[in-house]
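> mind looking at a prediction? Sequence and model below.
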Amino acid sequence: MTYPFLKGHGTENDFVLLPDHDGSVHGDLDPARVRALCDRRAGIGGDGVLRVIRTAAMGDAGRGQDAEWFMDYRNSDGSVSEMCGNGIRVFARHLVDEGLVDGSAPIPVATRDGIKVLRVEGDLVTADMGRPKVLGETAVSVGEARWPARHVDMGNPHAVAFVDSLDAHGPVGPLLDEPSYDASTYPEGVNVEFVVRAGERHVAMRVHERGSGETRSCGTGACAVMVASALADGVSGPPAEDLTYRVDVPGGTLRITWTADDRVLLTGPAVVVASGTTAL
């Protein structure tokens, strides 16, 4: 059986998109199929798979969500993930490109972390990622190096650690190895972000994503980094007025706004670069 696919990315966090509007092509989306599609040598290659499916076809996962489309997201190892900030922007771009939604209006997309609303403005897509959950202090380590970290949940869990350098030859260099963390704090695993200051309201990060390893970008991770940075800069909670940080990732730049009404808005590019059919 052959079936269609697309390839897209947001700041080089790349995905295979599978149009499966009524859920008849991929069933429960077998993890082995996801791994085959994401294989960078024998497959199409990607950090994850975005299934484009109607919410009504998602059963329990979509129940009670008043949005036509559901982003069924899987990490490259085949595991299910609650959310993906870069992925949902690519998802929205595809919906607009294919005429499946009105690109001039807000676009609701259902996910395992509830409905996210997106706006497409030229080359940029903004996703309302909801309210951040700041869950206290923890720690992470790579090899013998260890750092305190801030636990921020943006629909999936993040441990944000401020370091002196992101140099590939420095202590955070071996990010393709699994960083260590407190498994009792993160029983389902965690995305780990390493952050350096680059200027006023400007930081840079590298990320190890659970289920994918080091990636070129992580949208929910950039949101967690912005919140952790603002807190480190003296913000005690939701800011008195909208606050925006620039977050540099290896694949580009994202802008994150923490609003006065306690929402986190993620803005960045999202592009679809290829389409075709496969039998993987």
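Thanks, I have the structure now. What you see is a predicted model, and the numbers here were worked out from it, not measured in a lab.
> quick one, helices of the protein?
All helices of the chain, identified by DSSP state H, fall at 31-38, 85-97, 219-232.
> wait, which of the ones you listed is closest to residue 181?
Residue 181 lies closest, by Cβ to Cβ, to one member of these: helix 219-232, at 14.0 Å. (Glycine included, C-beta is placed from N, CA and C.)
> and the closest one, what's buried?
Buried residues in helix 219-232, defined by neighbour count with 16 or more other Cβ atoms under 10 Å: 219-231.
> can I get those in TSV including pLDDT and distance to residue 38?
As requested, those are exported to TSV (pLDDT from 0 to 100; distance: Cβ to Cβ, whole Å):
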residue	pLDDT	distance to residue 38
219	97	18
220	96	19
221	97	19
222	98	21
223	98	23
224	98	23
225	98	25
226	98	27
227	98	29
228	98	29
229	98	31
230	98	33
231	97	34
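> could I get the contacting residues of residue 130?
For residue 130, the contact set (Cβ atoms under 8 Å, 6 or more residues apart in numbering) comprises 113, 114, 116, 154, 155, 263, 264.
> columns distance to residue 61 on top of the helices of the chain, output as JSON lines?
Converted to JSON lines, those look like this (distance: least, Cβ to Cβ, whole Å):
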{"stretch": "helix 31-38", "distance to residue 61": "16"}
{"stretch": "helix 85-97", "distance to residue 61": "15"}
{"stretch": "helix 219-232", "distance to residue 61": "18"}
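> closest one to residue 198 among those?
So among the helices of the chain, helix 219-232 is nearest, using Cβ to Cβ, at 10.4 Å.
> and the residue nearest to residue 40 when sequence neighbours are not counted, what pLDDT?
Nearest residue to residue 40, sequence neighbours excluded (Cβ to Cβ, 6 or more residues apart in numbering): residue 46, at 8.0 Å. Residue 46 is assigned a pLDDT of 98 by the prediction.
> I appreciate the help and will end here.
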